[in-house]
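Trainee: below: sequence and its predicted model.
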Amino acid sequence: MKQFISVADAPGVDPLIEAALAYKADPLRDKELGRGKRVGLLFFNASLRTRISTQVAAQQLGMEAIVFNTGTEGWALEFADEVVMNGHTVEHIKDAAPVLGAYFDILCIRAFPSLSDKEKDYSEYILQQFIRYAGIPVISLESATLHPLQSLADMITIKEHISPARAKVVLTWAPHIKATPQCVANSFAQWANAWDQVALTVACPEGYQLDEAFTAGATVTTDQEAALANADFIYVKNWSSYREYGQVLPVAEDWMLTEEQLRQAPGAKIMHCLPVRRDLELAAALLDSDRSLVTKQAANRVWSAQAVLASVLNTINSKT
Ligand code: CP
């Protein structure tokens, strides 16, 4: 792979899952692949899983990983073209990105959306400018619209627990106290739709429908109860409104998933990308039950990152 910012960059969902599971079975099988190579992990936003799992994956491939919390430690970057920089920004992306391109072989970026400017966020203006000016392969650690390393880990986790030939997977909206990005939900829908092992239903309150660019091919409904019936996997996630961009719209019904709502899905496994707000997004009793796959999903982030880094390294190595 030349970059990894969405499922469109993948050589197919199954080959990446297979590569990830091979690393899970034998973490050091390619311990020399990244020898002499360096990956930069730039965070504009906080992280636990993404940061550590990607560092572990890089280490297992023999790479050096350098983390930079640019959102709190770096110079304020300017992304606008032809602007007189007499405000709070100190360095232009056109100057900073090539420097990073000189330091690293691969650049990984986490940059959340503003949730105030839909057009700008959905143009992926931060990620795209790193791609444009860094001159090296870029991997998304969660961008304004997508979280592909998370989605790959989610698909790996489903693959490990799937029993029917084609599983029913429900992505269900959850309550939250503040506006959160649509990235995880968009990305999960995009990957599930690209994978023939699952049939996806997206359930959300009116006004919370996601961008159809990501959900096309899935069943989209505002009837959570009907959606959950006979589900094999239920992915719980909050997101703010896409239509009323970044807004938290009032919702009359209680959408938090509890044991009671699973009467018609007795075998369903519960998924969430974490971090999760207990008893707000998802019942604590479900998180603590045997149904929960959340820790396994988080653990699979290592193999997801390792498969992706290895694929990008193979592309780099094939050119040298
Ligand atoms: N799921 C996930 O991306 O977790 P972090 O925000 O902790 O990296």
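Mentor: Arrived safely, thanks for sending.

Trainee: just grab the bridge partners of the nearest residue to Asp223 once chain neighbours are set aside for me.
Mentor: Using C-beta to C-beta, 6 or more residues apart in numbering and skipping residues adjacent in sequence, the residue nearest Asp223 is Ala203, 7.0 Å away. All C-beta spots, glycine's among them, are computed from the backbone N, C-alpha and C. Judged by DSSP bridges, the bridge partners of Ala203 are Thr172, Thr221.

Trainee: thought Ala203 was touching Ala227?
Mentor: Yes. Using C-beta atoms under 8 Å, Ala203 is in contact with Ala227, at 3.7 Å.

Trainee: who touches both of those two?
Mentor: 170, 172, 221 (C-beta atoms under 8 Å, 6 or more residues apart in numbering).

Trainee: now, which of these sits nearest the ligand?
Mentor: Here the nearest of the shared contacts of Ala203 and Ala227 to the ligand, counting by C-beta to the nearest ligand atom, is Thr172; it sits at 17.2 Å.

Trainee: what is the burial count for that closest one?
Mentor: By other C-beta atoms under 10 Å, the residues close to Thr172 number 23.

Trainee: where along this structure do the strands fall?
Mentor: With strands called from DSSP state E, the chain shows them at 38-43, 64-68, 77-78, 91-92, 106-110, 138-140, 167-173, 198-203, 219-221, 233-237, 269-271.

Trainee: can you list those strands in a markdown table and add mean pLDDT?
Mentor: As requested, these are exported to a markdown table (pLDDT from 0 to 100):
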| stretch | mean pLDDT |
| --- | --- |
| strand 38-43 | 98 |
| strand 64-68 | 98 |
| strand 77-78 | 97 |
| strand 91-92 | 98 |
| strand 106-110 | 98 |
| strand 138-140 | 98 |
| strand 167-173 | 98 |
| strand 198-203 | 98 |
| strand 219-221 | 98 |
| strand 233-237 | 98 |
| strand 269-271 | 98 |
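
Trainee: out of those strands, flag the one nearest the ligand.
Mentor: Among the strands of the chain, the nearest to the ligand by C-beta to the nearest ligand atom is strand 106-110 (7.6 Å).

Trainee: residue contacts, Arg51?
Mentor: Taking C-beta under 8 Å, 6+ apart as the test, what Arg51 contacts is 41, 43, 67, 141.

Trainee: pLDDT wise, what is the residue in the stretch 51-200 of the chain positioned nearest to the ligand at?
Mentor: The ligand sits closest to Gln150 of the stretch 51-200 of the chain, with a gap of 5.2 Å, by C-beta to the nearest ligand atom. Per-residue pLDDT puts Gln150 at 98.

Trainee: hmm, Pro181 and it touching each other?
Mentor: No. With contact defined as C-beta under 8 Å, Gln150 does not reach Pro181; the gap is 11.8 Å.

Trainee: can you list the domains in the chain?
Mentor: Domain assignment for the chain by automatic domain parsing gives 7-146+301-318, 150-298.

Trainee: so which of those domains gets nearest Met1?
Mentor: domain 7-146+301-318 (4.4 Å; C-beta to C-beta).
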